[in-house]
Each structure stands twice: as structure tokens, then as C-alpha cells.
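# just to be clear, the model below is a prediction. Sequence and coordinates:
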Amino acid sequence: LAAATSLAAVVVVVGATGGTGLRAIRGFLDVGYEPGQLRVLTRSPDKPACLALKGIGVQVVAADLDDSATLAPALRGATSIYCHSTADDTHKLEAAEMERARSLAAAAVACGTVRLLVYNSAAQTNACPRVDQIAQKHQVEAIFRAQTQLPCTVLRASLFMEELWKRHTRPSIVAKGKFPFNVPPTKPIFLTSVRDMGRLAGMCIRAPDKYARRTIDVASDVRTTKQIAAAFGGAQGAAVIPTLPRLLYLLSFVFHRNLYQVIRFYRRSELSVDLLARRREFPALLTPLNDFLHETRWADPSRTYESFAQAPTLDGS
């Protein structure tokens with residue numbers, strides 16, 4: 001996967017030191033970026049994941065999107081930005097997202113050397129049910145695009161494969177052979193690996209004139225719920241049955257509006273990604289679900305969602 005990358009390139013990575021964001025950093029390394037070319041911004045440079053990144057040569061810089069004064073020195077000399085997130089990994093809306101995006105965009109323009117900003121957004125069409133969190137991501141897109149001096153590429157994924165590792169999903173699959181997912185068993189779901197998102201962002205940054213001002217719907221694989229369950233079964237060596245927890249859907253309507261919107265989105269959305277076109281444009285960079293399960297050691301009971309918070313190593317793990 002690796003390819004030569006200009007040693008002059010400095011990619012500032014935003015919002016990728018928690019949750020699964022470190023896998024996006026792994027994706028940059030996959031496509032040929034040297035660790036020293038990546039400058040990761042974080043509010044907590046001394047947390048274990050950041051110390052591990054420093055250990056492999058990644059630049060780790062203290063900066064806070066809520067404190068715009070910290071951004072100018074953090075972006076000095078940067079040639080591009082990958083914005084993985086402007087919010088925490090929760091189901092709650094963060095009103096500060098838009099102001100963070102404005103601060104980052106203004107700092108990037110003032111920097112004067114940034115040729116491209118790539119933003120990890122979320123897929124949705126006008127025909128899809130509204131999800132407030134997705135709508136807010138699209139507002140962030142608009143803020144970045146409004147800066148005419150800051151070329152922007154938007155990568156839109158639907159469901160990250162890493163989400164399947166979360167504690168409300170994987171434990172039941174591994175321990176009980178049941179896949180609780182509130183989507184009909186024959187409905188196709190477009191899946192993307194966060195590692196692949198980093199790979200694609202890296203390729204876009206390498207060719208800013210080609211990818212500037214594009215919005216790219218991203219998917220690494222497409223499977224129905226029934227096929228996803230079969231993939232789990234293959235990885236575990238035992239059958240997995242998909243279940244439809246309707247009661248959760250009803251309870252979420254009353255008690256957890258954001259969760260209800262997300263469930264309704266996956267149940268009713270008519271999203272479609274031309275997977276063949278994506279594979280032609282980004283050959284060998286998109287990971288099928290079976291390969292993802294093998295790579296992440298799905299069947300290993302010692303691993304959890306929190307395992308993704310471990311920094312990548314230079315041997316590709």
C-alpha cells in the first residue's frame with residue numbers, strides 16, 4: 001500500500017487521539033506517510049496513546065479547538081489538515097462543533113500554507129430520515145467550504161465497522177451468538193473501516209488539485225444484516241443469528257431521541273454508494289468486512305473496543 005510521499009508534507013490531524021481515531025492515523029502510515037510528517041493535535045499530550053505516538057515519531061502538539069489562540073502555532077508550516085472529528089465520540093450533540101470548525105478554518109487560512117483540508121463527515125441524502133448529528137456535520141462541511149481560500153474535500157461514510165465492536169453490540173455476538181441490530185435482515189448496510197478513511201484522506205492530500213472541492217461517498221464493503229451476522233460467524237467459528245430488538249427502538253423514541261434518529265436512519269435510509277467506482281478510484285485501499293474482522297482479531301476475547309485506543313506501531317499493527 002505504501003507509496004512515496006514528499007518529505008516536505010506536514011499533515012495536521014485533528015480529533016483522532018480518542019475512540020477509533022488512531023486507526024485513521026494507521027491509515028496514513030499505510031499509504032506511505034512517515035510518522036514525522038503527521039502532526040497530531042490534542043488537548044492531552046501526556047495521555048498514553050499520545051506518548052505512544054511520540055514513541056514512533058509522530059509529532060504530538062498541545063492544542064484545543066475551543067481555544068483559538070493555540071491553533072496558529074500548532075498549524076505553523078502545515079501543508080494539509082485531516083479533520084477526523086470536531087466533537088467527542090458520544091450520541092450527544094455538541095453545539096460547540098460549529099465554532100470549533102470556524103476557528104480551525106480561520107487558523108488554516110491564516111497559516112497560508114495549507115493546500116487542502118479533508119473532513120470526515122457522514123453520509124445522508126435528502127430522502128433519508130433526519131439525524132441531528134449528521135445534519136450538524138453537514139453544517140461543519142458548509143463552514144469549511146465557505147472559506148474560498150481553503151480547498152476542502154469531504155469524505156462521507158455511513159457506518160464505521162469499528163462501531164460493531166462497541167459494548168452494546170459485540171459482547172452479545174461473541175458470547176451468545178446473537179447480533180442485535182435494529183435493521184431488517186435483508187437491508188444493505190454500507191460499511192467503512194476508519195483505517196480506510198485515513199488511507200483515502202492520505203491519497204486525497206497527496207493530490208490536492210484532483211480532490212479539492214469534492215464530496216466523496218465512501219464505503220469499504222456492503223452487506224445485509226444477515227450477511228454481517230454470517231461474517232461474524234465465520235470469524236468466530238460458530239453461527240451468529242441476527243435479531244431485531246424492536247423494544248429498544250420503541251423505548252429510544254421516548255427516552256433517547258438521538259439514538260432513535262440513528263436507528264430510524266439505518267432502517268429507512270435509501271443510501272447507495274457505487275462500491276465498484278470507489279474501488280477503481282482507490283485500488284487496494286478498501287477493506288472487505290471479512291478482512292477487517294481478521295485484522296482486528298474479532299474472535300479474540302481479550303480485545304475490546306477500547307483496544308482501538310492503542311497507538312499504531314511501525315510494523316502495521
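Noted; the coordinates are in hand. Residues are numbered from 1 along each chain as shown.

# so where's the stretch 51-200 of the chain shaky on pLDDT?
Counting by pLDDT under 70, the stretch 51-200 of the chain shows low-confidence ranges at 89-92, 125-129.

# which stretches in it count as strands?
59-62, 80-83, 116-122, 152-157, 159-160, 178-180, 188-192 (DSSP state E, counting those that start in this stretch).

# check contacts around the residue nearest the centre of the chain.
Centroid-nearest residue in the chain: Val194, 4.4 Å away (criterion: Cα atoms, centre = their mean). If you count contacts by Cβ atoms under 8 Å, 6 or more residues apart in numbering, Val194 has them with Thr20, Gly21, Arg23, Ala24, Gly27, Phe160, Met161, Glu162. Heads up, the C-betas are built off the backbone N, CA and C, glycines and all.

# how about Val240?
Counting by Cβ under 8 Å, 6+ apart, Val240 touches Ile173, Gly177, Lys178, Phe179, Ala229, Ala230, Phe232, Gly233.

# change it to 6 Å
Applying Cβ atoms under 6 Å, 6 or more residues apart in numbering to Val240 gives the contacts Ile173, Gly177, Phe179, Ala229, Phe232, Gly233.

# correct me, but Ala157 touches Thr192?
Yes: at 3.9 Å, Ala157 and Thr192 qualify as touching, with contact defined as Cβ atoms under 6 Å.

# overlap in contacts of these two?
By Cβ under 6 Å, 6+ apart, Ala157 and Thr192 have these common neighbours: Val218.

# looking at those two, which is more packed in?
Per other Cβ atoms under 10 Å, whichever of Ala157 and Thr192 has more neighbours is Thr192, with 29 against 24.

# so that one bridges to which residues?
Note on Thr192: beta-bridge partners Phe160, judged by DSSP bridges.

# correct me, but it touches Val218?
Yes: using Cβ under 6 Å, Thr192 makes contact with Val218 at a distance of 5.3 Å.

# quick one: common contacting residues for the two?
By Cβ under 6 Å, 6+ apart, Thr192 and Val218 have these common neighbours: Ala157.

# give me the angle between the strand or helix carrying Arg264 and strand 116-122.
Here Arg264, judged by DSSP states H and E, is contained in helix 257-268. Interaxial angle of helix 257-268 relative to strand 116-122 (axes from the mean of the first three to the mean of the last three Cα atoms, to 10 degrees): 90 degrees.
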